[in-house]
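A.B. asks: could you look at this predicted model? Sequence included:
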Amino acid sequence: MAKTATLNLRVSEALKSKLGQFAERTQRTPSAVAERAMEAFLDREMEMLEAIEQSREDFSEGRTVSHEDAMARIRATIDGRRSKT
């Protein structure tokens with residue numbers, strides 16, 4: 001079993017109630033639901049931060065395309081998808 005730690009945090013009564021309802025309906029503990037939700041949120045947010053950092057690096061290194069080129073690529077992708085359906 002992985003090591004665990006205790007975390008105390010304040011949430012609104014409405015959020016606490018929602019957490020309890022979800023936990024009960026899914027037959028999980030509120031702690032298990034909260035841990036899973038926080039992990040999913042943090043994974044998504046960390047991925048976004050990494051993408052932002054990569055974008056900043058790309059920009060500073062001159063790895064950019066013009067708006068016109070970007071839009072042309074997007075339109076070509078959309079048109080390509082439409083022709084397959």
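C.D. replies: Sure thing, it's come through. Residues are numbered from 1 along each chain as shown.

A.B. asks: average pLDDT for the helix or strand harbouring Lys18?
C.D. replies: Assigned by DSSP states H and E, Lys18 belongs to helix 13-25. For helix 13-25, the mean per-residue pLDDT is 98.

A.B. asks: buried ones in it?
C.D. replies: By neighbour count on 16 or more other Cβ atoms under 10 Å, the buried set for helix 13-25 is Leu19, Ala23. In this view, the C-beta of every residue, glycine as well, is placed from N, C-alpha and C.

A.B. asks: buried residues in the helix or strand following it?
C.D. replies: Where DSSP H and E defines the elements, the next helix or strand beyond helix 13-25 is helix 30-60. Within helix 30-60, the residues scored as buried using 16+ other Cβ under 10 Å are Val33, Ala34.

A.B. asks: list the helices and strands helix 30-60 packs on?
C.D. replies: helix 13-25 (3 or more Cβ pairs under 8 Å, 6 or more residues apart in numbering; DSSP states H and E).

A.B. asks: gap between the helix it packs on and the chain center?
C.D. replies: Averaging C-alpha positions (Cα atoms, centre = their mean, to the nearest Å) puts helix 13-25 22 Å from its chain's average.

A.B. asks: could you export that helix as CSV, keeping only the C-alpha atoms?
C.D. replies: Extracted in CSV, the C-alpha atoms of helix 13-25 (Å, rounded to 0.1, in the frame of the first residue of the first chain):
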residue,chain,number,x,y,z
GLU,A,13,-20.9,23.1,2.8
ALA,A,14,-22.4,22.6,-0.7
LEU,A,15,-19.2,21.1,-2.0
LYS,A,16,-18.9,18.8,1.1
SER,A,17,-22.5,17.7,0.6
LYS,A,18,-21.9,17.0,-3.1
LEU,A,19,-18.8,15.0,-2.3
GLY,A,20,-20.7,13.0,0.2
GLN,A,21,-23.5,12.3,-2.2
PHE,A,22,-21.2,11.2,-4.9
ALA,A,23,-19.2,9.0,-2.6
GLU,A,24,-22.4,7.3,-1.3
ARG,A,25,-23.8,6.8,-4.8
